[in-house]
Structures are given as C-alpha cells and as structure tokens.
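**Q** Give me a model of this one.
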Amino acid sequence: MDKDRRQHRRLSIRLPVECFPAKLDRHHSVRTVTSNISTGGLYFEVDLIEGVSDPQPNSLLHIELTVPPGDGHFPYEGRLNSVAEVIRCDRLSKSGAHERMGVAAQFREPLKLIF
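**A** Below is the predicted model of the structure:
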C-alpha cells in the first residue's frame, strides 16, 4: 500500500490563476484555473501556444490566485500571490500546434493577500 507523501492536504478546487516566469514580466503571463491547491503548492493545466516558452522543472513562477467571496470567510473577491517553484511538468496531450501540460508547483513564499 502506497503511503501519501504529501505534507499538506489538497483541495480539489478550481480557482483562476495567472502565472508568469519570475525572470519576465506580466506581459508573458498565462491564465488558467487550478486543478487542486494546498498551503504548500498547486497543480494546474495550461495550453501551450507556439512561441511561448513552457514551464520547466526548477524554474520559478509568479503566481496570482483569485479567490471568490464566501460566507464565513471573506465577503469580497480576493487575490493571493506568491512565488512557486515548478516541481513537475506532465505532457497531457498534443493537437496540432497546441499542447496541454499539467504543472505541479511548490510555493517558495507564503501566500500574500493583495488589496
């Protein structure tokens, strides 16, 4: 029986996420949604477009998450940001010039609330 090696509980939740390589600016950002997230990191899928560099393991990404308002925790939409290290890239599918990739990333800084 395989024991789960994760340190943080994952939530299967789809949150809008914008990310871009730490060495570049927001003009190189990609928008998608998370597949799951924990206090330690996140996993998302992204469609790669020809001419845009794909994430590489060990590279750093600026991550910005949008959290919807909710009863009991915050009455307004909020945004969180952090820097995350790409741990794993999964090639999921390829169709013509488009390729779909899954990205697992670990937060390198605590998530910060953006006002």
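
**Q** rest of the way, CA atoms for contacts and neighbours
**A** Fine.

**Q** Show me what counts as buried in the longest strand seen in the chain.
**A** Counting residues, the longest strand found in the chain (DSSP state E) is strand 78-95. Under the neighbour-count criterion of 16 or more other Cα atoms under 10 Å, strand 78-95 has Arg79, Leu80, Asn81, Ser82, Val83, Ala84, Glu85, Val86, Ile87, Arg88, Cys89 buried.

**Q** what's the burial count for Val103?
**A** Neighbour count for Val103, taken as other Cα atoms under 10 Å: 22.

**Q** Now it: which helix or strand?
**A** Take DSSP states H and E as the rule and Val103 turns out to sit in strand 98-107.

**Q** Kindly format the C-alpha coordinates of stretch 20-31 as CSV.
**A** Provided in CSV are the C-alpha atoms of stretch 20-31 (Å, rounded to 0.1, in the frame of the first residue of the first chain):
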residue,chain,number,x,y,z
PHE,A,20,4.5,34.1,-15.4
PRO,A,21,8.2,33.2,-15.2
ALA,A,22,10.0,35.1,-12.4
LYS,A,23,12.5,36.5,-14.8
LEU,A,24,9.9,38.0,-17.1
ASP,A,25,7.1,40.5,-16.6
ARG,A,26,3.3,40.2,-16.6
HIS,A,27,3.2,40.5,-20.4
HIS,A,28,4.3,36.9,-20.6
SER,A,29,1.6,35.6,-18.3
VAL,A,30,-0.7,32.6,-18.8
ARG,A,31,-4.2,32.4,-17.4
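
**Q** Okay, buried residues for it please.
**A** Quick answer for stretch 20-31 (16+ other Cα under 10 Å): Phe20, Pro21, Ser29, Val30.

**Q** Could you check which helix or strand contains the first one?
**A** In other words, Phe20. In this assignment (DSSP H and E), Phe20 forms part of strand 16-21.

**Q** Quick check: mean pLDDT of that strand?
**A** Computed over strand 16-21, the mean pLDDT rounds to 91.
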